[in-house]
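Novice: below are the sequence and a predicted model; questions follow.
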Amino acid sequence: MALFSGVPLALAQVAYHRYQLGLGAMVLSGLVVEIISHSPVGLLFYLAWSGLAGVLAGELIRRHRKFSYSIAAVSLQITAFSSFILSFFYLRTGGKILVDVKKGLYQTFDQVFHLYLQNSPATLSLSDQKLIQQMEPGLFLSFLSVLPGMLLATIFLTSLVLVGMVEGILSNKLPLASSRGIEKWLLWDPFIFLLILTLVLIAIPNHYSRVAGINLFLGLGTLYVGQGAAVIVSYAKSRGLGMLFWIVSATFILLQPLILLLLGVVGVLDVWADFRKIRHTPDNHPAMD
């Protein structure tokens, strides 16, 4: 739900920018979040990930910015505003907020961990369950080590979903002459060597090298998920697939996030297969456009 919550704000900003409806809707939704959560920190992070991101995406699309430019700008806004929030509360609380965040993450991790043990597909003996439970602190530390990459991947995914969905909705209603949409989005082909480099770092038998490789792989791999989604969207539009296709696709992704992995594979293969045949047309260059 968090990935899609900025879409209405972006659409409002595009349609009623003269009346600042996007900003007004952001303030109103922020008040609702504050009333429900009673958490200033939660409100600020809502503004960073959904409110400001939605309004900024709508304004960039309204001004016909290129898809890659919008993705970069929204991702930078989320990162910068979130970093500012953490820095402010870190100084305000003398570092206590990091302890509270770590405690909250561990509680969530512990709940998911025990939920997995209770619903594991194979029946585990008591001795195996105790052994796995003893591994929980180490697994949590491993989770923390790859958390930066997971956050980076989430930021990219949020930007891709937000900008891609808004442009997709508007493409059926308004002529977006300068905005080419996600179906024409193309990563710069040499980026594939960076992706290969992350796999090399993961393969090196060194803890710090592997942690760095995994974090970089998560972030860069998400961009190839976007390119894979671009291939699928281009195929669906060329075949004239209707709303039912998009509803079923969105449902499958929500129910089974591993489909994102398949999209990433499609995005990587597109570097060589050029499924959309758009790399060598006169108005395209082998770069992010």
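Specialist: Now that the structure is in, tell me what you want to look at. Numbering: from 1, shown residues only.
Novice: from here on, just use CA atoms for contacts and neighbour counts.
Specialist: Will do.
Novice: can you give the distance of the helix or strand harbouring Ile97 from its chain's centre?
Specialist: Following DSSP states H and E, one finds Ile97 within helix 96-118. Averaging C-alpha positions (Cα atoms, centre = their mean, to the nearest Å) puts helix 96-118 21 Å from its chain's average.
Novice: need the residues that contact that helix.
Specialist: Contacts of helix 96-118 with the rest of the structure, by Cα atoms under 8 Å, 6 or more residues apart in numbering, involve Phe89, Tyr90, Gln129, Glu136, Phe140.
Novice: just give the nearest non-adjacent residue to the third one, would you?
Specialist: The shortest distance from Gln129 to any residue other than its chain neighbours is 7.5 Å, reached at Leu117 (Cα to Cα, 6 or more residues apart in numbering).
Novice: quick one: the one you found and Glu136, what's the gap?
Specialist: The gap separating Leu117 from Glu136 is 11 Å, by Cα to Cα, to the nearest Å.
Novice: before we move on, the earlier item: PyMOL command for the buried members of the contacts of helix 96-118?
Specialist: Buried residues among the contacts of helix 96-118 (16 or more other Cα atoms under 10 Å), as a PyMOL selection:
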select buried, resi 136
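Novice: counting neighbours, what do you get for the residue nearest to Gly219 when sequence neighbours are not counted?
Specialist: Excluding its sequence neighbours, the residue lying closest to Gly219 (Cα to Cα, 6+ apart) is Ala153, at 4.5 Å. Using other Cα atoms under 10 Å, Ala153 is surrounded by 21 other residues.
Novice: what's the closest non-adjacent residue to Leu147?
Specialist: Using Cα to Cα, 6+ apart and skipping the chain neighbours, the partner closest in space to Leu147 is Asn215 (7.7 Å).
Novice: what sits against the one you found?
Specialist: Contacts of Asn215 by Cα under 8 Å, 6+ apart are Val146, Leu147, Pro148, Gly149, Met150.
Novice: which residues does Glu183 contact?
Specialist: Glu183 sits next to Ala229, Ala230, Val231, Ile232, Val233, Ser234 when contact means Cα under 8 Å, 6+ apart.
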